[in-house]
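Asker: Below are the sequence and a predicted model for it; my questions follow.
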Amino acid sequence: MAEREQIRKTPSRSDEKTVEETPANSESGEKLKAELDDLLDEIDEVLETNAEDFVKSYIQKGGQ
Amino acid sequence: MAIPKIVGVETELGIMVRGTTEWNPVSASSLLINAYVGSEPGSLDERSTPVAWDFIDEMPGADAREFMPEFAMPPEIETHLVNAVLTNGARYYVDHAHPEVSTPECRDALSAVLYDRAAELIAIDSMTAARSALPPDQEIILYKDNTDRKGNAYGTHENYLVDRSLPFGQIITGATIHFVTRQIFTGSGKVGTELPGTTSEAVPYQITQRAEHFEEEVGLETTLKRPIINTRDEPHADSTRYRRLHVIVGDANMSQVATFLKVGTTSIILAMLEDHALLRAHPLADPVRAMHQVSHDLTLARPLDLESGKKMTALEIQFDLLEQATAWASERGLASVGEETGKLVLERWERVLTGLQSDPSTVADQVDWLAKKRVIDGFRERHDAGWDDTRLRALDLQYHDLRPGKSLAARAGLETLVDDEEAHLAKHEPPSDTRAYFRGKCLQKFGDSIVAANWDSIVFDVGDDPLRRVPMLEPGRGTVEHVGNLLDESDTVAELLAKLGA
């Protein structure tokens, strides 16, 4: 019990989120899907325009 | 009794210059770091030159197996390149052809996450600072990844303080099984394959960036024929008491939870080895093959061949390591990995393994390869794109783009464990609970009198006297508790050195 309380006390934004999301799985599933749709809209906007050139020109010297 | 698992993370960043074809990665990395150091608020911008790294104790050729294999290639030290020490205790330098940030020494996994995030913010600030040093149509872009997907890899290394009395052979056995199987939550994901003889049709997407670049089980090399266990024996501390386990198998993580688990679980495994509490290490029949196999198996269901002739999946092995860790924690306590943080690691380890077992999509906000795959799968569905579509490779790369306006990881809904406000402070402020505190605070307060610094010493110039080197061979000393008052009460370097008895 004490252990559980201590874990909750740590300053992590994630804890609150988890508590909110756990009870309603389908709800969180829909929320995730809506988020993904927004993300894909955004990706279409920010994705490098010439994918072919971009990928081809990414050449690195080997490191460690 | 396990010793404190002091830890640091070093990240080599991918670098590109946009707007010109005439660039070279070494000069671009130098320009970038110089631009950052020049723009740094606080003690550094008042200096004509940044504090230089001191190479006196670097011995990259020393081998933990206590012999030098005939054909081994120890890494070279490049002393002529830009090499700065920051006021948070970190090192920022050009390594090979990449900018590299080494976090200061951290006391636990949560602190490592904070300073890893601070390192990302330093990289972001550096890109901004570099713009004013470049023609307006040019830009330096940094990627926090580990490969150009064309066979060239670069590292994200972890370093752990380990008791010298623990035989290296035991580290090899215990760490290898964890390094091969932890990939299921530490992998950052990669479109396609770089393994000779394997095609992208057979492996359209895999769990890690790095696994395919490993060819040996144990060795000293880091740039070719990379080994799962790196034997570099360079403790940067009292070598009679400590070693530093230099871990080169990890991926660069965008997910803070992944970094937390990577560092947290490995700290626990090493502490367990020191306590002789890893009773079932499940030696693998062929660790290198298993490393590739785990990375290629998105189902997490293909069993690995064990030396004993039995078979277990990476997930089953991880669950058994967790079970042993939980038993160890209740018997021996978590002081060595930080009481509070250790509990959070165990809890999160269980949560992520359970998610991976029951429904991996539930941990796509915590595990990079799943977060990236979610984006790629969504994109494929929306644009009816096949795995050979180049845009998927662009997505893969752009996931790691550190520019806030372009980073896909920053848009992938990843859970965060540290506040950015705190991480911005951590760009300048050292951790208070390792020797990095002494290094960082001395730089802040007496920067003008410091000639050079490295992990385990600082060299002061006190005017007419000869230069004075202050050794810091105990990574757990030099904390705010040890030297906070002493630093506060010293107005000059001479006073500080007198109080230290140096």
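Answerer: Yep, it's here.
Asker: For the residue of chain A found nearest chain B, which residues are in contact?
Answerer: Taking CB to the nearest CB as the measure, chain A has residue A:63 as its residue closest to chain B, at 3.0 Å. In this view, the C-beta of every residue, glycine as well, is placed from N, C-alpha and C. Contact analysis of residue A:63 by CB atoms under 8 Å, 6 or more residues apart in numbering or on different chains lists B:12, B:95-98, B:153-155, B:223.
Asker: Keep those, but drop any that are not near chain A.
Answerer: B:12, B:95-98, B:153-155, B:223 (CB under 8 Å from any CB of the partner chain).
Asker: Buried among these? Make that a PyMOL selection.
Answerer: Entered in PyMOL, the line below selects the buried ones among the ones next to chain A among the contacts of residue A:63, by 16 or more other CB atoms under 10 Å in any protein chain shown:
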select buried, chain B and resi 12+95+96+97+98+153+154+155+223
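Asker: Output the ones next to chain A among the contacts of residue A:63 in CSV; the columns should cover secondary structure and pLDDT.
Answerer: Formatted as CSV, those follow (DSSP: H, G, I helix; E, B strand; the rest coil; pLDDT from 0 to 100):
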residue, secondary structure, pLDDT
B:12, strand, 98
B:95, strand, 90
B:96, coil, 84
B:97, coil, 93
B:98, strand, 96
B:153, strand, 96
B:154, coil, 96
B:155, coil, 95
B:223, coil, 89
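Asker: confidence score at the residue of chain A closest to chain B?
Answerer: pLDDT for residue A:63: 84.
Asker: For it, which non-adjacent residue is closest in space?
Answerer: Closest residue to residue A:63 in three dimensions, ignoring its sequence neighbours and counting by CB to CB, 6 or more residues apart in numbering or on different chains: residue B:154, at 3.0 Å.
Asker: now swap in residue B:192 and tell me
Answerer: Closest to residue B:192 by CB to CB, 6+ apart is residue B:200, at 4.0 Å.
Asker: what's the distance between that neighbour and chain A?
Answerer: Counting by CB to the nearest CB, to the nearest Å, the gap from residue B:200 to chain A is 13 Å.
Asker: do the same with residue B:91
Answerer: For residue B:91 relative to chain A (CB to the nearest CB), the value is 14 Å.
Asker: in chain A, what spans have low per-residue confidence?
Answerer: Within chain A, the ranges that satisfy pLDDT under 70 run A:1-28.
Asker: what's the domain layout of chain B?
Answerer: B:7-425, B:432-500 (automatic domain parsing).
Asker: what mean pLDDT does the shortest one have?
Answerer: Per-residue pLDDT values over domain B:432-500 give a mean of 94.
Asker: cool, and stretch B:38-50?
Answerer: 54.
Asker: again with stretch B:18-35
Answerer: In the prediction, stretch B:18-35 has an average pLDDT of 93.
Asker: List the buried residues in it.
Answerer: B:23, B:25-26, B:28-35.
Asker: Quick one: residues contacting the residue nearest to residue B:192.
Answerer: B:191-193, B:387-388.
Asker: which regions of chain B lie under the pLDDT threshold?
Answerer: Using pLDDT under 70, chain B drops low at B:41-50, B:66-80, B:502.
Asker: If we use 80, what do you get?
Answerer: B:40-53, B:55-81, B:464, B:502 (pLDDT under 80).
Asker: Could you pick out the longest helix of it?
Answerer: Longest among the helix segments of chain B by residue count, using DSSP state H, is helix B:109-131.
Asker: Mind giving me the packing neighbours of the helix or strand just after that one?
Answerer: Note on helix B:109-131: by DSSP states H and E, the next helix or strand toward the C-terminus is strand B:139-143. Helices and strands touching strand B:139-143, by 3 or more CB pairs under 8 Å, 6 or more residues apart in numbering or on different chains; DSSP states H and E, are strand B:14-18, helix B:25-39, helix B:109-131.
Asker: Show me where the chain has its helices.
Answerer: If you meant another chain, say so; for now it's chain A. A:2-9, A:13-21, A:25-46, A:51-57.
Asker: Chain B, not that one
Answerer: B:25-39, B:109-131, B:168-181, B:183-186, B:256-274, B:287-296, B:314-332, B:339-358, B:368-383, B:390-398, B:420-426, B:436-446, B:480-489, B:493-500.
Asker: coming back round to it: quickly compare the helices and strands packed on strand B:139-143 and say which is most buried.
Answerer: Neighbour counts (mean count of other CB atoms under 10 Å in any protein chain shown) averaged over each of these peak at helix B:109-131, with a mean of 22.
Asker: Identify the residues contacting the residue nearest to residue B:371 when sequence neighbours are not counted.
Answerer: Distance criterion CB to CB, 6+ apart; nearest residue to residue B:371, sequence neighbours excluded, is residue B:412 at 4.5 Å. Applying CB under 8 Å, 6+ apart, we find residue B:412 in contact with A:39, B:254, B:365, B:371-372, B:374-375, B:399.
Asker: and these, which are buried?
Answerer: Judged by 16+ other CB under 10 Å, buried ones among the contacts of residue B:412: A:39, B:254, B:365, B:371-372, B:374-375, B:399.
Asker: Closest one of those to residue B:291?
Answerer: Among the buried ones among the contacts of residue B:412, residue B:372 lies closest to residue B:291 (CB to CB), at 19.7 Å.
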